[in-house]
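> Here is the input, now give the coordinates:
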Amino acid sequence: MGRLNFPRGSRLYLDTVPIIYTVEEHDVYWTELQPIWTAFAAGEVQIVTSEISLLETLVQIGEAFLLTQYYNVYYNESMTTTLKITTIGSSVGVVLPKDILCRLRVEKGDTLYATETPDGIELRAYDAEFAEDMAIAEKVMRENRDLLRKLAE
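Alright, predicted model coming up:
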């Protein structure tokens with residue numbers, strides 16, 4: 001494959017496949033695509049794609065790491081934010097920046113639901129219906145602990 005050449009200031013359209021090859025670092029095409037992303041990071045070119053590409057890449061992602069990688073490609077920003085633990089009154093806590101509050105769709109005074117996952121703690125807006133479902137699930141698991149253990153074998 002030849003070297004990709006494009007004039008400075010170009011607007012490049014990328015379909016779904018080159019985006020997938022970039023995020024998943026495809027053995028053959030990753031090195032071929034690197035000049036595009038280097039030029040983009042330097043502000044030498046613009047990259048555009050379609051909503052269809054967004055849907056095609058995000059529709060069945062079950063792995064949080066890949067979701068973060070695709071998000072970074074599409075929105076040119078990171079989904080990772082560093083939060084500092086600080087003293088709040090006689091307790092400790094974190095202050096959530098406005099962009100995180102927007103992503104969570106919450107505001108001051110709302111309740112967050114913290115769920116432990118294999119990857120860490122997930123925060124999301126409190127949903128009374130979901131909380132009720134979780135309480136029922138926990139009760140079922142507690143009452144049927146022995147049966148569930150046998151089923152897990």
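
> tell me which residues of stretch 90-101 are tucked away?
By neighbour count on 16 or more other CB atoms under 10 Å, the buried set for stretch 90-101 is Leu96. (Glycine included, C-beta is placed from N, CA and C.)

> Endpoints of that stretch, how far apart?
24 Å (CA to CA, to the nearest Å).

> Quick one: residues in contact with that stretch.
Outside stretch 90-101, the residues within contact range by CB atoms under 8 Å, 6 or more residues apart in numbering are 81, 83-86, 104, 107.

> could you give the mean pLDDT of the longest helix along the chain?
The single longest helix within the chain, with elements called by DSSP state H, is helix 128-143. Over the span of helix 128-143, the pLDDT mean works out to 85.

> what about stretch 40-59, average pLDDT?
80.

> How far off centre is it?
Taking CA atoms, centre = their mean, to the nearest Å, one finds stretch 40-59 lying 16 Å from the centre of the chain it belongs to.

> what's the longest helix of the chain in contact with?
113, 148.

> can you dump the C-alpha coordinates of that helix into PDB?
Taking C-alpha atoms only, helix 128-143 is exported to PDB below (Å, rounded to 0.1, in the frame of the first residue of the first chain):
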ATOM      1  CA  ALA A 128     -36.400   4.700  41.500                       C
ATOM      2  CA  GLU A 129     -37.700   1.900  39.300                       C
ATOM      3  CA  PHE A 130     -34.200   0.400  38.800                       C
ATOM      4  CA  ALA A 131     -33.600   0.700  42.600                       C
ATOM      5  CA  GLU A 132     -36.800  -1.200  43.200                       C
ATOM      6  CA  ASP A 133     -35.800  -3.900  40.700                       C
ATOM      7  CA  MET A 134     -32.400  -4.200  42.400                       C
ATOM      8  CA  ALA A 135     -34.000  -4.600  45.800                       C
ATOM      9  CA  ILE A 136     -36.200  -7.400  44.500                       C
ATOM     10  CA  ALA A 137     -33.300  -9.100  42.900                       C
ATOM     11  CA  GLU A 138     -31.200  -8.900  46.100                       C
ATOM     12  CA  LYS A 139     -34.200 -10.300  48.100                       C
ATOM     13  CA  VAL A 140     -34.500 -13.200  45.600                       C
ATOM     14  CA  MET A 141     -30.800 -13.900  45.700                       C
ATOM     15  CA  ARG A 142     -30.800 -13.800  49.500                       C
ATOM     16  CA  GLU A 143     -33.800 -16.100  49.800                       C
END
